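Chemist: Predicted model and sequence below, questions to follow.
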Amino acid sequence: MNLNQQVGHRIKVRRVELRMTQQELAEKLSVGQSNLSHIERGKRDLSISLLAEIAKALKCKPEDFFRWPQAA
């Protein structure tokens, strides 16, 4: 899994935790639902500004998308 896929997966997990649909998040970001789908699947590169907007909409910090659980 590459970095875009990992970050996209974390965005999706956070969105689902908040019980938000792709359409709802896309509207908050003023992007299309299909564009958000590409982001979540790691098929699109993210700008820092868009990553910050996503984090704000998902009530977290941009760096949260790069934090991974540590192995025990």
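Modeler: Right, received. Where do you want to start?

Chemist: Spatially central, which residue of the chain would that be?
Modeler: For the chain, the residue nearest the mean C-alpha position is residue 11 (2.6 Å; Cα atoms, centre = their mean).

Chemist: Quick check: buried residues in whichever strand or helix holds that residue?
Modeler: Take DSSP states H and E as the rule and residue 11 turns out to sit in helix 3-17. By neighbour count on 16 or more other Cβ atoms under 10 Å, the buried set for helix 3-17 is 4, 7, 8, 10, 11, 12, 14, 15. Every C-beta, even on glycine, is put in place using the N, C-alpha and C of the backbone.

Chemist: thinking again about what came up before, would you mind confirming that the residue nearest to the centre of the chain is in contact with residue 50?
Modeler: No: with contacts counted by Cβ atoms under 8 Å, residue 11 stays clear of residue 50, the gap being 10.5 Å.

Chemist: Quick check: next helix or strand after the least confident helix or strand in the chain by mean pLDDT?
Modeler: Counting by mean pLDDT, DSSP states H and E, the weakest-scoring helix or strand in the chain turns out to be helix 3-17, with a mean of 93. Later in the chain than helix 3-17, the nearest helix or strand by DSSP H and E is helix 22-29.

Chemist: Can you show me the CA trace of that following helix as CSV?
Modeler: Extracted C-alpha coordinates of helix 22-29, given in CSV (Å, rounded to 0.1, in the frame of the first residue of the first chain):
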residue,chain,number,x,y,z
GLN,A,22,-18.9,10.5,0.8
GLN,A,23,-21.5,12.9,-0.6
GLU,A,24,-21.7,14.8,2.7
LEU,A,25,-18.0,15.2,3.0
ALA,A,26,-17.6,16.1,-0.6
GLU,A,27,-20.2,18.9,-0.2
LYS,A,28,-18.3,20.2,2.8
LEU,A,29,-15.1,20.3,0.7
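
Chemist: So for it, what gets flagged as buried?
Modeler: In helix 22-29, counting by 16+ other Cβ under 10 Å, buried: 22, 25, 26, 29.
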